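Colleague: structure of the sequence below:
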Amino acid sequence: MADRMMRANILSEALPYIRRFSGKTIVVKLGGAAMELDELKRAVISDVVLLSLASMRVVLVHGDGPENNEHLKRLGKSSEFSGGLRQMDEDALGALQMLLAGKIGKDLAALVHEMGGRAVSLCGLDGNILQAENHSGGLRHVGELKNIDTRLINVVLDSGYIPIISTIAQGEHSSYSVDPDRAVGALAIALKAEKLILLTNGGIPANSSGTESLSELSLSGIPPLIKSGVIKQDMIPMIECCVEAIRRGVARAHVLDGRLPHSILVEMLSDDGIGTMIYGDW
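Modeller: Here you go, the predicted structure:
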């Protein structure tokens, strides 16, 4: 009986949040361990399906994860990183596109269907969703986003499907790989999302030891954490995407530890939350 009452209390606690976010757009970036481990990936997808069934407009964005290195190796291709961005030749970009828009996107869509939801796997080239030009640093086949066309995404959402988007963008004469963190932030802005959720391998640390994560963080609180080194260099692109999204109208950004099963549901539908919520303090 006690267990049943606890479950009833959990559902009761979730109800006002479901009511509040019904019809709102939620953009989720799948990354970190949640992209690598099947058990965690399934937990994320079940969360996304539940939110969609509760009438939220959920958009899922994904990168390549560790599969890409093995995929390129099998095909005899290679790529290298510069400033945290993967640069490659045209053949390697084609292999990456095959993996992202093919296997990974389709596998995620199949998992959504298995769990009772409906999904469409899209590439940034579909419907000219992501438009880019060559990176200003001259990195090969790495693009900087210049525009987003949300019409196809909205058609998919209006039809009750979850768009699953891989971050290959269309250029004037070539396609480009676009950093998923920058792409997901730009998509949240373009879609006028209520929330931007990024799944990583931890929240934003509260101190330099990294033993605890902040539950909340205002925009004005971010520069001191970067200056002190609490927010490390490899986290800065993700933080910058959250800052830009909030400054341009997204209500809240959430950095969640994807190693914790069902962290999306706990953060969105409970009083306590589980990750770091970033908000504007103006």
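
Colleague: please count neighbours and contacts with C-alpha atoms only from this point.
Modeller: Fine.

Colleague: show me the shaky parts of this protein.
Modeller: Applying pLDDT under 70 to the chain flags residues 1-10, 64-89, 135-141, 282.

Colleague: what's the distance between residue 231 and residue 170?
Modeller: As for residue 231, its distance to residue 170 is 32 Å (criterion: CA to CA, to the nearest Å).

Colleague: which residues touch residue 125?
Modeller: Under the criterion of CA atoms under 8 Å, 6 or more residues apart in numbering, the neighbours of residue 125 are 131, 168, 169, 170, 175.

Colleague: can you pull out the helices in the stretch 51-200 of the chain?
Modeller: 67-74, 90-97, 105-114, 151-158, 180-190 (DSSP state H, counting those that start in this stretch).

Colleague: follow-up on the earlier one: out of the contacts of residue 125, which one sits closest to residue 192?
Modeller: residue 131 (18.1 Å; CA to CA).

Colleague: so who does that closest one touch?
Modeller: 124, 125, 145, 146, 147, 148, 169, 170, 171.

Colleague: strands - which of the contacts of residue 125 land there?
Modeller: Using DSSP state E, the members of those that fall in strands are 131, 168, 169, 170, 175.

Colleague: sorry, back to before: which of the contacts of residue 125 sits closest to residue 199?
Modeller: Residue 199 lies nearest to residue 168 out of the contacts of residue 125, by CA to CA, at 19.8 Å.

Colleague: thinking again about what came up before, between residue 231 and residue 170, who's got more neighbours?
Modeller: residue 170 (26 against 21; other CA atoms under 10 Å).

Colleague: skipping its backbone neighbours, what lies nearest that one in space?
Modeller: Leaving aside its chain neighbours, residue 170 sits nearest to residue 131 (4.8 Å; criterion: CA to CA, 6 or more residues apart in numbering).

Colleague: now name the helix or strand holding the residue positioned nearest the centre of the chain.
Modeller: Geometric centre of the chain, nearest residue: residue 29, 0.8 Å, by CA atoms, centre = their mean. In this assignment (DSSP states H and E), residue 29 forms part of strand 25-30.

Colleague: what are the pairing partners of that strand, and which direction each?
Modeller: Using DSSP bridges, the strands paired with strand 25-30 are strand 57-62 (parallel), strand 195-200 (parallel).

Colleague: what about it, distance to the chain center?
Modeller: 5 Å (CA atoms, centre = their mean, to the nearest Å).

Colleague: buried stuff in it?
Modeller: 25, 26, 27, 28, 29, 30 (16 or more other CA atoms under 10 Å).

Colleague: residues in contact with it?
Modeller: For strand 25-30, contacts defined as CA under 8 Å, 6+ apart pick out 56-63, 180-181, 184, 187-188, 191-200.

Colleague: again, only using 7 Å
Modeller: 56-62, 184, 188, 193-199 (CA atoms under 7 Å, 6 or more residues apart in numbering).

Colleague: now do the next helix or strand after that strand: which elements does it pack against?
Modeller: Per DSSP H and E, strand 25-30 leads on to helix 33-36 as the next helix or strand towards the C-terminus. If you count contacts as 3 or more CA pairs under 7 Å, 6 or more residues apart in numbering; DSSP states H and E, helix 33-36 packs onto helix 38-53.

Colleague: quick check: angle from the helix it packs on to strand 25-30?
Modeller: Helix 38-53 and strand 25-30 are oriented at 170 degrees to each other (axes from the mean of the first three to the mean of the last three CA atoms, to 10 degrees).

Colleague: now do the buried residues in helix 38-53.
Modeller: Residues of helix 38-53 classed as buried by neighbour count (16+ other CA under 10 Å): 40-53.

Colleague: export these as JSON lines, with columns for distance to residue 14.
Modeller: Putting those into JSON lines (distance: CA to CA, whole Å) gives the following:
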{"residue": "40", "distance to residue 14": "22"}
{"residue": "41", "distance to residue 14": "22"}
{"residue": "42", "distance to residue 14": "21"}
{"residue": "43", "distance to residue 14": "18"}
{"residue": "44", "distance to residue 14": "17"}
{"residue": "45", "distance to residue 14": "18"}
{"residue": "46", "distance to residue 14": "16"}
{"residue": "47", "distance to residue 14": "13"}
{"residue": "48", "distance to residue 14": "15"}
{"residue": "49", "distance to residue 14": "15"}
{"residue": "50", "distance to residue 14": "12"}
{"residue": "51", "distance to residue 14": "11"}
{"residue": "52", "distance to residue 14": "15"}
{"residue": "53", "distance to residue 14": "14"}
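
Colleague: understood, closing this out.
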